[in-house]
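1. coords please:
(2 chains)
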Amino acid sequence: MLYNICMVSDFFYPNMGGVESHLYLLSQCLILRGHKVIIITHAYGNRTGVRYLTNGLKVYYVPTLVIHNEATLPTIYGFFPLFRNILIRESINIVHGHGAFSSLCHEGILHSKTMGLKACFTDHSLFGFADASSILTNKLLKFTLSDIDHVICVSHTSKENTVLRAALSPRNVSVIPNAVVASQFQPDPSAADPNWITIVVISRQVYRKGMDLLVAVIPRICSMYHNVRFIIGGDGPKRIDLEQMREKHLLHDRVELLGPVKHHQVRNILIQGNIFLNTSLTEAFCIAIVEAACAGLLVVSTKVGGVPEVLPSHMINYAMPEEDDLMIAVSKAIQMIKIGEVDPSRFNDELKDMYSWSNVAERTEKVNHALHDIYFYAHLISGLNISICIYIYISRQVYDSISQSQPSPLIERLRRYYGCGLYAGKIFCMVMALDYLFWRFLEFVFPKDSIERAQPFPYKRYRDYVDKVEEPKAQLK
Amino acid sequence: MPTKSYTKENLTCHVLVENNSLEYIVKSPVPLFGVVDLLLGLSAAIVSWTSPSLVHTHPRWVAAIALIWIWSKYKTIHHESLLVMRDIGIQVKTVYWGGSVVSKFISRRDIEDVVINEGINFWQIKSYIAILVKDQEKMNLLPSLRPVLLDVYQGTRSVLFPAQQSLFLKK
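-> Okay, here's the model as predicted:
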């Protein structure tokens, strides 16, 4: 069964990050299978309107006000008319929201349920329960997830977290980890400089990625070991701290700050290193350490969130997110590289053997129609074709199971929202009721038949043309 | 010189010279006097009936409102036209009800491409034809319905870029 799917999130290209690449890769996999996918996100600077990406992936950049860190101002009803127009003109069946911080995602799910479409949600981050922002976000999440068809989390830790936060039944939540294109991260043992032991750090330089830990650890390591150097890529508000640390300890020849790095350049930077250091304070699923392990680096990481689920223990050294423990872990890794105890360039092959297609297929058997947990990080490393197959197999299962369920009547929805809390339940019911009335009003003012349907992208002809014209050209080269 | 022409909904196409020159005229579907004008007229009638003194005591307000209404009628678009000539260029003309005409000419050398794009307009997504002009931001015109746009698009491209085969358009 082919679906028309709409992905809604505040976070998409040109912003770089895990959510964005997850969205892109998932959409490309679905298009390959024949579904139609569009993406709705907010306008980035001058970039508004409609754009087409590879294979006809249509992206709508909707002009909204951005308040903080690429998240938009939540005007609940302001987005509704344009959203409804887009959904009708593209004949969408399923709306898929990403990112709990993204208000566009929450609004999209609310409106799609009001319009009678199916909705599902993918959570990419972990949250606390104690501070003010977490409490508010958790309540908002509870509101959104009261009436949703399916929830997907990227790791088991993330699933526990989401289930506790939103008070969901664990049966309705699946675990589908992020995938990586392993063929893009082949190792190259000759690229690293043999005179130095190089530690690579590539991450956004923000507080939650543990930049303060990094600032504390680097001078100590540099003074303890004289043949260790650092390559740091990425940009963010904490970059100034790293530069100040470099100035203070006069480490200009030992620490190299690369600035913002494009995703296709990441592999070339990774292969120059021997060790990859990840100091995140919170992480639902760290795709960066997987990419680093594929590229043949020994990984040192803080043991937070979903990180322990990702790699086998001989490829990674864990540490508590504090300075001394991190020092011990890094020192151990340096020793291991010096005496040649591990050979990181074989990680790519090892993981391919360990997680072979038969092993993965055996785990696939455990998936049944109600779609329970799937423990799938095998497809991460075993190559592009397998990762695509499993990815779309899972997504197709999710979408199949969603589309079979009946839309619930209005009173049932009101009942679900009412159960959110003593006061919150009543407020949510009012919000949702007003949403419904607004929808009825819009149906009257802009009726469905007055909205033109958009022309579908001629995917088959595009692929035929590309295969006929581009391949011979590539072969000639 | 005999000119072939055909009409589809609110699009009229005159073929001035075979394969060399085309003119597309799109009439505005909005009538000159619409529902709003009716309501205005009714409310004006009611006001002058119930309190006739009001009209006499504020002559300036009445005159101002009347002038604004007349000015808005003058500025309503009657039709838009696109005249395409091979190797010469494109002329875009907008004709208003008041008789005024605004036209713009783009020479063939400056035209990079003619494309159809979709844009966000208040609460709707509309398709429009854009003429990509060298050294400038693109010039847009004729936001209309899909059947109208495709004809104009195909015709314009066949005159301006005769060598290209269109791969993605169904004939």
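
2. Tell me the confidence at residue A:228?
-> At residue A:228 the predicted local distance difference test score is 90.

3. hey, what's the most centrally placed residue in chain B bridged with?
-> Among the residues of chain B, residue B:80 comes closest to the average C-alpha position under Cα atoms, centre = their mean, at 3.6 Å. Note on residue B:80: beta-bridge partners residue B:26, residue B:94, judged by DSSP bridges.

4. my guess is it meets residue B:29, correct?
-> No - with contact taken as Cβ atoms under 8 Å, residue B:80 and residue B:29 are classed as non-touching, separated by 11.9 Å. For the C-beta atoms, the positions are set from N, CA and C on the backbone; glycine is no exception.

5. what stretches of the chain score poorly on pLDDT?
-> Picked chain A for this. Residues of chain A that meet the criterion pLDDT under 70 lie in A:69, A:177-183, A:350-395, A:474, A:476-477.

6. that's the wrong chain, I wanted chain B
-> Low-confidence segments of chain B, defined by pLDDT under 70, span residues B:1-4, B:8-12, B:17-19, B:54-55, B:135-151, B:160-171.

7. which residues in it form helices?
-> With DSSP state H, the ranges of helices along chain B come out as B:35-50, B:52-57, B:59-74, B:146-160.

8. Just put the ones you listed in TSV and tack on distance to residue A:240 and mean neighbour count.
-> What follows is the helices of chain B, written out as TSV (distance: least, Cβ to Cβ, whole Å; neighbours: other Cβ atoms under 10 Å in any protein chain shown):
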stretch	distance to residue A:240	mean neighbour count
helix B:35-50	57	11
helix B:52-57	67	10
helix B:59-74	55	11
helix B:146-160	51	17
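
9. surely residue A:165 meets residue A:139?
-> No - in this structure residue A:165 lies outside contact range of residue A:139 using Cβ under 8 Å: 9.3 Å.

10. more neighbours, these two?
-> residue A:165 (22 against 17; other Cβ atoms under 10 Å in any protein chain shown).

11. give the contact list for the residue lying closest to the more buried one once chain neighbours are set aside.
-> Sequence neighbours aside, residue A:138 is the residue nearest to residue A:165 in space, at 4.6 Å (criterion: Cβ to Cβ, 6 or more residues apart in numbering or on different chains). Applying Cβ atoms under 8 Å, 6 or more residues apart in numbering or on different chains to residue A:138 gives the contacts A:127, A:129, A:165, A:166.

12. So residue A:138 versus residue A:30, what's the distance?
-> Summarising the geometry, the distance separating residue A:138 from residue A:30, computed by Cβ to Cβ, to the nearest Å, is 30 Å.

13. Assign residue A:236 to helix, strand or coil.
-> Taken by DSSP: H, G, I helix; E, B strand; the rest coil, the conformation at residue A:236 corresponds to coil.

14. residue contacts, residue B:107?
-> Residue B:107 makes contact with B:88, B:89 under the criterion Cβ under 8 Å, 6+ apart.

15. Just the element for residue A:464, please.
-> Here residue A:464, judged by DSSP states H and E, is contained in helix A:459-465.

16. Residue A:317 - how many residues pack around it?
-> The local packing count at residue A:317 equals 21, with neighbours defined by other Cβ under 10 Å.

17. For chain B, give me its nearest residue in chain A.
-> Per Cβ to the nearest Cβ, the residue of chain A with the smallest distance to chain B is residue A:81, at 3.8 Å.

18. can you count the residues close to the residue lying closest to that residue once chain neighbours are set aside?
-> Excluding its sequence neighbours, the residue lying closest to residue A:81 (Cβ to Cβ, 6+ apart) is residue B:123, at 3.8 Å. Residue B:123 is surrounded by 16 other residues when neighbours are defined as other Cβ under 10 Å.

19. Could you do the one 5 residues further on as well?
-> By the criterion of other Cβ under 10 Å, residue B:128 has 16 neighbours.

20. and the residue nearest to residue A:165, what element?
-> Using DSSP H and E, residue A:138 sits in helix A:132-146.

21. Same question for residue A:59.
-> Judged by DSSP H and E, residue A:59 forms part of strand A:57-62.

22. at contact distance from chain B, anything in that strand?
-> Yes - Strand A:57-62 reaches chain B (Cβ under 8 Å from any Cβ of the partner chain) through A:60, A:62.

23. Pull up the pairing partners for that strand, direction included.
-> Using DSSP bridges, strand A:57-62 pairs in its sheet with strand A:36-42 (parallel), strand A:49-53 (antiparallel).

24. Mind listing residues that contact stretch A:103-111?
-> The contact list for stretch A:103-111, computed with Cβ under 8 Å, 6+ apart, reads A:6, A:8-10, A:40-42, A:62, A:64, A:71-74, A:76, A:79-80, A:83-84, A:95, A:97-99, A:119, A:121, A:140-141, A:143-144, A:148, A:432, A:435, A:439.

25. Okay, and which of the residues you listed map to strands?
-> The members of those that map onto strands under DSSP state E are A:6, A:8, A:40-42, A:62, A:71-72, A:95, A:97-98, A:119, A:121.

26. tell me the contacts of residue A:164?
-> Applying Cβ under 8 Å, 6+ apart, we find residue A:164 in contact with residue A:129.

27. if I look at it, how far off is residue A:19?
-> As defined by Cβ to Cβ, residue A:164 lies at a distance of 21 Å from residue A:19.
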